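Q: Have a look at this prediction, sequence included:
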Amino acid sequence: RKEVEQDPGPFNVPEGATVAFNCTYSNSASQSFFWYRQDCRKEPKLLMSVYSSGNEDGRFTAQLNRASQYISLLIRDSKLSDSATYLCVVNSGYALNFGKGTSLLVTP
Amino acid sequence: EPEVTQTPSHQVTQMGQEVILRCVPISNHLYFYWYRQILGQKVEFLVSFYNNEISEKSEIFDDQFSVERPDGSNFTLKIRSTKLEDSAMYFCASMTDRGRNIQYFGAGTRLSVL
């Protein structure tokens, strides 16, 4: 069973659109949750941590449902520069467990 | 802004050769990691290192792999006898403490085994 599952996409959206990504994880003992962003052939970069109460950072909103083992990311007012792969990441113990990522392409 | 530095950016080697990938973590960080990403696949955990010893390793991290922190700044990953399937991007990451659990990644070394 995959530890972190994401819809691979691609999601093609016009500039200004709102887009939502979902993720599920299998390890109920997981402690920390993140969204990372990865541009083509680059390193993963932290976008935001995800907290049970939900949290917002500008145009980005993340939600965590521990009971359902479900994480979401909402991007409002999409920009061309948001085009990337969005990685759902779950930490249990020392290791980060990555999803395969959801590809987003924002078009003019 | 402090960053994790990795060298070389690209390493080409022949199958069966030994390679050493180098990383300089962020200076006040205490936890160090290696991950790999085969082209088109997800980022996979290899090993974590704390207090001069391995704290956790994955099934991928077999006897062909080793890590070392030879001095106060460098953190290396050695692959003893490379295989074709070792071709991947190797990312080093570091973390200051386990409070926020945030790992910062280097730009990676692309390893090509021929």
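A: Received, thanks.
Q: correct me, but residue A:105 touches residue A:12?
A: Yes - when contacts are counted by C-beta atoms under 8 Å, residue A:105 is listed as touching residue A:12 (4.9 Å). Backbone N, C-alpha and C define where each C-beta goes, glycine included.
Q: May I have the residues that are in contact with the nearest residue to residue B:4 once chain neighbours are set aside?
A: With sequence-adjacent residues excluded and distances taken as C-beta to C-beta, 6 or more residues apart in numbering or on different chains, residue B:4 is closest to residue B:106, at 3.7 Å. Residue B:106 makes contact with A:43, B:3, B:4, B:5, B:6, B:23, B:91, B:92, B:93, according to C-beta atoms under 8 Å, 6 or more residues apart in numbering or on different chains.
Q: neighbour-wise, which of these leads?
A: residue B:92 (29 neighbours; other C-beta atoms under 10 Å in any protein chain shown).
Q: got the contact list for that residue?
A: B:4, B:6, B:21, B:23, B:25, B:32-35, B:75, B:77, B:105-106, B:108.
Q: TSV please, covering the residues you listed and showing secondary structure and pLDDT.
A: TSV is the format used below for the contacts of residue B:92 (DSSP: H, G, I helix; E, B strand; the rest coil; pLDDT from 0 to 100):
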residue	secondary structure	pLDDT
B:4	coil	96
B:6	strand	97
B:21	strand	97
B:23	strand	97
B:25	coil	95
B:32	strand	95
B:33	strand	96
B:34	strand	98
B:35	strand	98
B:75	strand	96
B:77	strand	98
B:105	strand	96
B:106	coil	97
B:108	coil	97
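Q: Next, count neighbours for residue B:12.
A: 13.
Q: Spell out which residues of chain A are next to chain B.
A: A:31-32, A:34, A:38, A:41-46, A:49, A:87, A:91, A:93-101 (C-beta under 8 Å from any C-beta of the partner chain).
Q: Skipping adjacent residues, who's closest to the residue positioned nearest the centre of chain B in space?
A: Centroid check for chain B by C-alpha atoms, centre = their mean gives residue B:34 as the closest residue, at 3.1 Å. Closest residue to residue B:34 apart from its sequence neighbours, by C-beta to C-beta, 6+ apart: residue B:46 at 4.3 Å.
Q: Could you pull up phi and psi at residue A:89?
A: phi -130, psi 130 (degrees, to the nearest 10).
Q: residues touching the nearest residue to it once chain neighbours are set aside, list them.
A: Closest residue to residue A:89 apart from its sequence neighbours, by C-beta to C-beta, 6+ apart: residue A:34 at 4.3 Å. Listed by C-beta under 8 Å, 6+ apart, the contact set of residue A:34 reads A:46, A:47, A:48, A:49, A:50, A:88, A:89, A:90, A:91, A:96, B:102.
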